[in-house]
Every structure is written in structure tokens, then in C-alpha cells.
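[1] Sequence first, then the predicted structure, then my questions.
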Amino acid sequence: MRRLPALLFAFLVVTSGCAEYIPWMQQSPEPETNTQADVNPPPGANTQWIFDAERLLSTHDSILAKTNYRKQVRIRPNHSLGPREWTNLTLDAHVGKERIRIDQRGRGPSFGEQGSYTAYLSENRSIWHVLPREERPYHSEWNLHLAVRKDIQSNDQMNRILSSSDFMWNGTTVRNGTKLYRYESSSDTELPDTKSLSATVFVDERGFIHEVSGTLQTTGSRSVTANFSYEFSEVASLPTEPEWAEKVPQMSMNFESGSITIEHEGGAVVPAGTTIQFTLMNNSDTAPGTVQLSKPLEPGDTAQITVQGIQEDEHERLTADGTVAVNQPPVNESLNPYSDWGVHVGIITDNWRFQGYSRSSERD
């Protein structure tokens, strides 16, 4: 089989639009008849096939990096058994300027395999709502699970599909006023653990991939036939916070000179009497401790936790002592700068959980 370079595969994981509004396996437009003078194929392709997938995918990624876009992935296997990457999944992601709004139904490889959830990421902060409702459905994090941004923006699964098959040109079509070049692959594929593949790619003259969709059948005793669709679309708007953001506190952290600073920047109030758990960590030791808020921590407030010291019990287990003050300077200065330590903070209420991590800014 004449094999196309690896670039085509990345195209598969991305789709655009809201999962609830796009019908599954949408009918693709029929190709138009064109003369050679009418066509200007995208980078890495011509009027025969996609001959340089890496170039095409690199161009596509460059366009994504400069624009706001929506990505939608839909995977529908014929049953729930089979490879993890082909489980039932609908993912809708709105990406732009360090922000990502996520809506996922089903269990996929992204975001720690949380299952169904909605989420909003901005710089080092993430908030998410796990569905269906669990004991604490709302979560807020600072400086944790940052890999989810890479997972959501990654097109690895799609890229593998595109790079493992030959996609031949089958004319052009016009969608929403944009001429798209249509490339198709059928049956033969070098995709690992895959018996057959039938797929279609739609890409514009710039090299922006609008859609990759099709059907594949896996090999092995737990063979799966899966329909898949990956779509991208450029949008003018930036992602916005979900309405439920007010139900979870959005806080940032800093750890310096033995003092943990927690700034409440919006969302739910942390009630008076709430216990704040903190754990000091270095390369060899951990030392957990707790403090209790004597007053509520509201948006705009700052809590200052001062680490007073680390104690060792008879079983050589370490614990940390600390004090906390809200909107006031620390009651006492830390006895140690803890410049070689990091700190993890956890706050739990009946309805939400906050976790954050910071490493001492004095660390070499």
C-alpha cells in the first residue's frame, strides 16, 4: 500500500460545535466537479492525494494556535468492549487565549478519565462539575492537572488515523461559503490493531482541517466497529465561564518564606469554621497539618497561613504546625523559610472541593 506521511492522523480528534446540536454521522456534502484551473490544494496535498501529512497537520496546528476555535469529537462503538480509545464519547471543547470550555459525555482518555463533566480552564486555574451528581459535584484547582489542557488540545488519535492510511482526492465541495478539498481512504490501513478503515477528510486551501469522519474495525477477540467524527471550526468569541462557576470558589496560591497565601478571587464563600488542610513536601518527606478559619473567606479576601514548624512523633511521622489569619498580616513569622519545600492545600465542604499546589518561590 502506498502510505501517506504521519500528518493526516492528527486531524481526527477535533470537531466543532456543541455536542447536543450536531447529529451523529452528519451527511457529508457531495463533491463538485472542478477543472484543474479551479483548484488550489492545501499544503501537503494535491489533486491526487495527501502526500505530506506532517506538513498538512503542522499547518493546521499553526492556524489553531492563532485563532479561537471549537473542537468536537464523537465516537460511537457498536458495543462497550474493546480498546479504551474507542469507548462511547462526545467531547465539545471551545478554545481561545489560555481558556478552554469543555463539555464531555462518556468516558475518554482526557481529563483523568473523569467521565461526564463540564469544565472551564484559565491559565493555572480549573473548575469542573462532574456529572451525574456525586457527593461533591463541584471542584476547583490551582496549579494541578495542568495536563488536561494538553490532552484536550491534542489530536493524537486523529493524527494516527490520518498518518496510517492513503487519502485520495475526490473533488471539492462548498460548505458555508468555503471551498473544501475532499480526500478519502477505504479498507486498507496501517493503524495498529485495526482491521479496516473507511474515512473522509475535508480541508480548506489554507490547510485548516474542518472534518475527519468514518468507520473503523479493530482486530482481536474483542473486536469493535466504531463510527467516529472529528470536527474543527473557527469562532469569533472567547470561551466564557459556565453559569455554575459561582457555586465553587476560585482561588490562587503562593508559598514563600514559610507563609502560604490563599487569595479568593470569586465564586462560593468558604464558611467560617472550615478546616484547611496543608501538606509540606520535599524530595524525601511530607508533613501534613491543619488550620481552621475563624471567619468566612469571601471573594476579595486573603488567607495567610504561617507554618510554625515541623514535629516528628515516636513513629517518625512528621506533622506541620500553623496559624491562619484572614485579611491580616501573619500573627507570627515562620521560623523556617522552607525554601526547598512545596505545599499542597485542600479545602472540602459539603458541596465542593478545592485543591492547590505551590512551590516556594525562593527555591533555587
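    Looks like it arrived, so ask away. Numbering: from 1, shown residues only.
[2] pLDDT-wise, which helix or strand of the chain ranks last?
    One helix or strand of the chain scores below all others by mean pLDDT, DSSP states H and E: helix 147-153, with a mean of 83.
[3] Can you name every helix or strand that that one contacts?
    Packing partners of helix 147-153 (3 or more CB pairs under 8 Å, 6 or more residues apart in numbering; DSSP states H and E): strand 89-96, strand 99-106, strand 117-122. From N, CA and C alone the C-beta is placed, and that goes for glycine too.
[4] Residues contacting the last one, please?
    When contacts are taken as CB atoms under 8 Å, 6 or more residues apart in numbering, the neighbours of strand 117-122 outside the stretch itself are 98-104, 111, 126-131, 148-149, 239, 241-242, 244-245.
[5] now with 6 Å?
    Here strand 117-122 makes contact (CB atoms under 6 Å, 6 or more residues apart in numbering) with 99-104, 127-131, 149, 241-242.
[6] The stretch 251-364 of the chain: strands as residue ranges?
    All strands of the stretch 251-364 of the chain, identified by DSSP state E, counting those that start in this stretch, fall at 251-256, 259-264, 275-281, 286-292, 302-312, 318-326, 342-348, 352-359.
[7] Tell me which of those lies nearest to Trp169.
    Trp169 lies closest to strand 352-359 among the strands of the stretch 251-364 of the chain, at 49.9 Å (CB to CB).
[8] List the pairing partners of that closest one within its sheet, with orientation.
    strand 138-142 (parallel), strand 342-348 (antiparallel) (DSSP bridges).
[9] List the buried residues for the last one?
    Which is strand 342-348. For strand 342-348, burial by neighbour count (16 or more other CB atoms under 10 Å) applies to 342-345, 347.
[10] Turn the contacts of strand 117-122 into a markdown table, including neighbour count.
    Below are these laid out as a markdown table (neighbours: other CB atoms under 10 Å):
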| residue | neighbour count |
| --- | --- |
| Arg99 | 17 |
| Ile100 | 20 |
| Arg101 | 20 |
| Ile102 | 25 |
| Asp103 | 19 |
| Gln104 | 24 |
| Ile127 | 25 |
| Trp128 | 24 |
| His129 | 20 |
| Val130 | 17 |
| Leu131 | 15 |
| Arg149 | 19 |
| Glu241 | 15 |
| Pro242 | 17 |
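[11] from these, which single one is nearest Ser360?
    Among those, and counting by CB to CB, the member closest to Ser360 is Arg149, at 24.3 Å.
[12] how close does that closest one sit to Ser126?
    According to CB to CB, to the nearest Å, Arg149 and Ser126 sit 8 Å apart.
[13] so His60, which of the three states?
    Here His60 is recorded as helix under DSSP: H, G, I helix; E, B strand; the rest coil.
[14] Give me the distance between it and Phe208.
    Computed as CB to CB, the His60 to Phe208 distance reads 6 Å.
[15] Tyr69: neighbour count?
    With neighbours defined by other CB atoms under 10 Å, the count for Tyr69 comes to 20.
[16] partner residues bridging it?
    Tyr69 has these beta-bridge partners by DSSP bridges: Val95, Glu234.
[17] show me what contacts it?
    95, 232, 234.
[18] picking up where we left off before, model confidence over the helix or strand just after the least confident helix or strand of the chain, on average?
    Using DSSP states H and E, the helix or strand that directly follows helix 147-153 along the chain is helix 156-163. Mean pLDDT, computed over helix 156-163, is 89.
[19] Report the buried residues of helix 156-163.
    Buried residues in helix 156-163 (16+ other CB under 10 Å): 157-163.
[20] How far off centre is that helix?
    Helix 156-163 has its average C-alpha position 18 Å from the chain's average C-alpha position, going by CA atoms, centre = their mean, to the nearest Å.
[21] Also stretch 352-361?
    19 Å.
[22] what do you get for stretch 265-282?
    25 Å.
[23] isn't Gln292 right next to Thr275, touching?
    Yes: using CB atoms under 6 Å, Gln292 is in contact with Thr275, at 5.3 Å.
[24] ok, now how distant is Gly258 from Ile310?
    10 Å.
[25] same check, this time on Asn88
    Taken as CB to CB, the span from Asn88 to Ile310 is 48 Å.
[26] rewinding a little: which single one of the buried residues of helix 156-163 is nearest to Val203?
    Leu162 (10.3 Å).
[27] Against Thr87, how distant is that closest one?
    21 Å.
[28] Can you tell me the closest non-neighbouring residue to Ile152?
    Leaving aside its sequence neighbours, Ile152 sits nearest to Ala93 (CB to CB, 6 or more residues apart in numbering; 5.1 Å).
[29] Can you give me every residue that contacts that neighbour?
    Contacts for Ala93 were tallied using CB under 6 Å, 6+ apart; they are 71, 100, 102, 152.
[30] Can you lay out the residues you listed as JSON lines showing distance to Val203?
    Shown next, in JSON lines, are these (distance: CB to CB, whole Å):
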{"residue": "Lys71", "distance to Val203": "15"}
{"residue": "Ile100", "distance to Val203": "24"}
{"residue": "Ile102", "distance to Val203": "25"}
{"residue": "Ile152", "distance to Val203": "21"}
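[31] And the residues you listed, which is closest to His264?
    Among the contacts of Ala93, and counting by CB to CB, the member closest to His264 is Ile100, at 22.7 Å.
[32] I'd like to know how many residues surround the nearest residue to that closest one once chain neighbours are set aside.
    Nearest residue to Ile100, sequence neighbours excluded (CB to CB, 6+ apart): Leu121, at 4.4 Å. Applying other CB under 10 Å, we find 24 residues neighbouring Leu121.
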